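Q: A structural model of the following input is requested.
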Amino acid sequence: MESVNDMLIACVKACGGSKQVGALLWPEKTPEAAQRSLLDALNEDRPAKLSPEQVVYILRLARQKNFHDGMEYLSMELGYSAPVPVEPEDEMAALKRQFIQAQAGMVDLMSRMERIAGVAR
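A: Here you go, the predicted structure:
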């Protein structure tokens, strides 16, 4: 891939093509009009461009299709090491562990506050 547009085009193809992705980006438009809007935005010679939120949405759709070239391209362009996708189940388990630890910490804080309040009386 030589450009951000090339990266986005590859992501769109991996997600089922411009007609499907266009309809997701612009559900208020007919599928054909949404496809034309997307193709227009992906054409470097045209003034229409995708918003940052739309770019992230396309990358997220590609991630759901297990297509990671978009993030790999961005990492390479910006000088980061190759990204490692986190499986949603792994992320959920990590969040649950953090939540349990935070609650245990709150219980400890409450106990300490109660001890201090008892001493101050």
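Q: E91 and Q103, how far apart?
A: 19 Å (Cβ to Cβ, to the nearest Å). Any C-beta I mention is one placed from the backbone N, CA and C, and that applies to glycine too.
Q: Please, where are all the helices along the protein?
A: Here the chain has its helices, by DSSP state H, at 4-14, 18-25, 31-41, 52-64, 69-78, 88-120.
Q: got these as a markdown table, with mean pLDDT and mean neighbour count columns?
A: Shown next, in a markdown table, are the helices of the chain (pLDDT from 0 to 100; neighbours: other Cβ atoms under 10 Å):
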| stretch | mean pLDDT | mean neighbour count |
| --- | --- | --- |
| helix 4-14 | 97 | 19 |
| helix 18-25 | 97 | 20 |
| helix 31-41 | 97 | 17 |
| helix 52-64 | 96 | 16 |
| helix 69-78 | 95 | 16 |
| helix 88-120 | 86 | 10 |
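Q: Kindly report the domain assignment for this structure.
A: Domain assignment for the chain by automatic domain parsing gives 4-78, 86-121.
Q: What distance do you get for E53 to R112?
A: When E53 is compared with R112 (using Cβ to Cβ), they lie 44 Å apart.
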